[in-house]
Structure formats: C-alpha cells, structure tokens
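Engineer: Let's see this in three dimensions:
(one chain, ligands or ions: 2)
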Amino acid sequence: MTRQIMHIDLDAFFVSVEQVLNPELKGKPVVVGGRPDRRGVVAAASYEARAFGLHAGMPLSTAYRLCPQATFIEGSFSKYRDASQKFMAILADFSPFLEPVGLDESYIDATGFESIYGSIHQMAVAIKQQIKDKLGLCASVGIASCKVVAKVASELSKPDGLLEVAAGEELSFLAPLPIAKLPGIGKKTERILRGLSINTIGNLSITPLSVLKSHFGASGELLHRLANGIDDRKVEPPGAAKSISRETTFGKDTKDRSLLKATLRYLSERVGADLRQRSKQARCITLKLRYADFTTITRSHTLRLTSDTDQTIFDTGEKLLKKALLAEKQAVRLIGIGVSNLTEPSKQLDMLEPSAQRLEQLNKAIDRIRKKYGFTAIQTGRTLLLKDIFPDDKDGYTLQTPSLSR
Ligand code: TTP
Ligand code: MG
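Structural biologist: Ligands and ions are numbered 1, 2, ... in the order given. A predicted model of the protein is given here:
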C-alpha cells in the first residue's frame, strides 16, 4: 500500500517567533544569532534577509557586510522551545503518528487520513491554517510516499508552501535537483560527488552502486536508495522502539535443544528484520526464558560493535541460551529474544570487516525476497524444524504469543 507521509517545517523559525513578538519586524530583513560586531554565526535569517545572500551558518560579520540594514537579534532559546512545544501539540491533535525532528520540523504518517479530511492535501491545508491562527507562524508542507521525498518537497515549497509528489513521480521529481538538496549530503559528500561530475540527484540515481560504494563504503548504498526515492523508514513516534523483541510460549514445556534453538533462530530473524526495517542497529541483546514453574529470567550481552544482522542476534542469543540451560534443568515454557540500546547506523559501517559486510548484504537480500514473497519464502536451515510444529502462512509462523514490545 502506498503510504502518505507528510513533512512539516516552520519557515525561518527563530526569526518568525521574534516577528510575532515584535510585529514591526515583519516583512524586513532580520537575523537571529547575535549582534553583528560579535563573533558568531547566523542561526536564522528572514526570507527578506536571504534575498541579500544571508543564510544560517554565515559569520555575522559577513551578514552585516551584505545587509547592514538588517535587524540583528541575540535571540533566546526559551521562546523558541515554547513555540516548538505548541507547534508539536497542534500536530499531535491531527495525528498520533508523529515524529518530531528537532524544534521546527516533524513527519506525520497520514496514510488513511484522507477519509477524515477529504484528502491529504486538505489535511495539510488545515494544519497550516491552525499553525497560522494559533501561533502566527508559517509552515511549509511536503507530501509524498516516503520520508526523503516529503522532506525535499517541503523544503522546495518554502516559504508558506505546500507541495505534493504523486506516487510514482518520486524519481522524476528528485532527478533535476542539485545533489545538495538530498538530505544527508553534506559539504564533504557534495564535493566528492561533484568531483565525479555527479551534480544532480538524477545523475546520482544512475551512478552504479559499485562506484558509490568505492567512495562512501556502505553509506553509498543509502545514497543510492535515497537518490532513487526509495526510503522505507517508518514514521516513528518518540519513545517508540526503544527495544524490539519477539517471544513465544510453547504448546508444551520443552527441554528439546533443537526446538529451542530453531525457535530462537526464527525469533532472531523476526527481530532482525524489524530492526533493519527501522534502519536501526542494536548494542544490547537479551534472552528471556520462562521455566515450567513460571520463574522468568533474562540474560543480556552487550556487543562490542552494534549490529542489525540475524546472525549476530541469534549467535549471541544462542550463547546466552547455552549458559542458561547449563544452570537450570527445568523445561522451558517461553523463549524470547530482544534487542535494545538502539542507534542509527553509524560510520562504523565503513569499518566493518569483509565478512560482516557480506552478512549485511545477505540480510538485505533476504529482507527483499521476504518483502516480496512472504516471510517463510526463505527458510534458514535451523528454522526448517519449525515447519512441522507451527502453522505457517506468508507472514510467518503462527506462534502462541507473538509480541512486539516497545
Ligand atoms: P531550519 O528549519 O533549518 O531553518 P529555518 O526554520 O530558519 O528556515 P527554513 O524556512 O528554511 O526552514 O532550522 C530551524 C531553526 O533552527 C532556525 O530557525 C534556527 C535554528 N538553526 C540554527 O540555530 N543553526 C543552523 O545552522 C540552522 C540550520 C538552524
Ligand atoms: Mg524551518
């Protein structure tokens, strides 16, 4: 099903808050960041100031040289924090599927909301209107089938914009834009890409993956996906997915090691798939066992390097299981595996050894096939045993207590 993702970003945020408090500043070049005779940089510039070439990050002295008539304001963070909280509260009234990013931007997963608002476009209009009425601020909104395209669309629509990219048009929308418009491309990446004569997102999208990988390591793959408008990251409400776990209760308490391991392997694959779907890596792996007499234990292990592969989750879980079975002879009623201490994939990817890189590739390939043909389309050796025990369909085995704890 095509998703409807909205990205909402306030225009010239710090400056606009100052303009609401002091309407005399409206329609004028205004800079928040400090007095022009001080060291420091522009934090925010009004669109009138941007017409003179001013932008965030520019030294205040340069800003003053380009636009001496601008009003320079020190700014105070508590005002912006206050406005930010009110902004997020307005969005939360529209949808609980909200992922704030920083102070003045947020994603909303608006899939299915057309039935409430008539269309997603009308929902965006209503959001913009409320922000204007209640806060006096302008928001720009991008709507698309995924986060990256929605974000680029809101940025492109500024100021006071609303831009919808129809499903199927992602690539043609992104292609003509300069590479710097793609979120995640910083100055350094831009320099390298331009050195390779890759100047537009379209150029980037058709650059062979091997070329990108040779320059950017594993991040080359992410670049390639984003440039092609492929982005399956979910909208994650705050506090969501602090941990991911799967567990199941056996029909009959068991001491059968092969069954325990096979189940653990299956649960590890489900956790791993979920982790990769969220583009997260885990540092901590926890095994949970409940014995016949209902005593429940958890055993955790902290990885030296974060990981998102099924193999690492399973191997770690298996070691913990071995130890636990040595210590306790009772039959097992429930087994579970979880990951926590989640982080964004880091540059660490670049330093992975070749074997780890291969595992990453393998997991990604498996994810792709499963997405297309269902979870049980691929069975790893160990989980085959489960085929005779649990009913399966394309969504996987039907376990007793499938759970997704957050
Ligand atoms: P942005 O949303 O990047 O910028 P903006 O809201 O000022 O302008 P736009 O209309 O392009 O969205 O950042 C939000 C606020 O964060 C901005 O008002 C000030 C602050 N900020 C800094 O303090 N330093 C920076 O380098 C940037 C980019 C932003
Ligand atoms: Mg903004």
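Engineer: Show me which residues of the protein sit near ligand 2.
Structural biologist: 9, 10, 13, 104 (Cβ under 5 Å from the ion). For every residue, glycine as well, the C-beta is placed using N, CA and C.
Engineer: starting at the chain centroid, how far to the least confident helix or strand in the chain by mean pLDDT?
Structural biologist: Every helix and strand of the chain was ranked by mean pLDDT, DSSP states H and E. The lowest is strand 392-393, at a mean of 72. Relative to the mean C-alpha coordinate of its chain, strand 392-393 is positioned 30 Å out (Cα atoms, centre = their mean, to the nearest Å).
Engineer: picking that back up, and the residues of the chain next to ligand 2 as a markdown table, adding pLDDT, secondary structure and neighbour count?
Structural biologist: Compiled in a markdown table, those are given as follows (pLDDT from 0 to 100; DSSP: H, G, I helix; E, B strand; the rest coil; neighbours: other Cβ atoms under 10 Å):
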| residue | pLDDT | secondary structure | neighbour count |
| --- | --- | --- | --- |
| 9 | 98 | strand | 20 |
| 10 | 98 | strand | 24 |
| 13 | 97 | helix | 23 |
| 104 | 96 | coil | 23 |
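Engineer: Contacting ligand 1 as well, which ones from those?
Structural biologist: Restricting those to those within reach of ligand 1 (Cβ under 6 Å from any ligand atom) leaves 9, 10, 13, 104.
Engineer: which residues touch the third one?
Structural biologist: The one in question is residue 13. For residue 13, the contacting residues are 44, 80, 83, 103, 104, 137, by Cβ atoms under 8 Å, 6 or more residues apart in numbering.
Engineer: 10 Å instead, please
Structural biologist: By Cβ atoms under 10 Å, 6 or more residues apart in numbering, the contact list for residue 13 reads 32, 43-44, 80, 83-84, 87, 102-105, 137-139.
Engineer: any idea how far it lies from residue 159?
Structural biologist: 11 Å (Cβ to Cβ, to the nearest Å).
Engineer: Which residues are in contact with each of those two?
Structural biologist: With Cβ under 10 Å, 6+ apart as the test, residue 13 and residue 159 both reach 138, 139.
Engineer: Can you list the buried residues in stretch 325-334?
Structural biologist: 332, 333, 334 (16 or more other Cβ atoms under 10 Å).
Engineer: Give me the residues contacting it.
Structural biologist: Contacts of stretch 325-334 (Cβ under 10 Å, 6+ apart): 247-250, 252-257, 259-260, 263, 288-297, 299, 321, 324, 400-401.
Engineer: 7 Å instead?
Structural biologist: 247-250, 253-255, 260, 289-293 (Cβ atoms under 7 Å, 6 or more residues apart in numbering).
Engineer: Only whichever of those residues are buried, select them in ChimeraX.
Structural biologist: Buried subset of the contacts of stretch 325-334, written as a ChimeraX selection, criterion 16+ other Cβ under 10 Å:
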select :247,248,250,254,260,289,290,291
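Engineer: of all the contacts of stretch 325-334, which comes closest to ligand 2?
Structural biologist: residue 247 (42.1 Å; Cβ to the ion).
Engineer: host element of the closest one?
Structural biologist: strand 243-254 (DSSP states H and E).
Engineer: and that strand, which strands flank it?
Structural biologist: The pairing partners recorded for strand 243-254 under DSSP bridges are strand 332-343 (antiparallel).
Engineer: Please identify the buried residues of the strand it pairs with?
Structural biologist: Within strand 332-343, the residues that qualify as buried are 332, 333, 334, 335, 336, 337, 338, 339, 340, 341, 342, counting by 16+ other Cβ under 10 Å.
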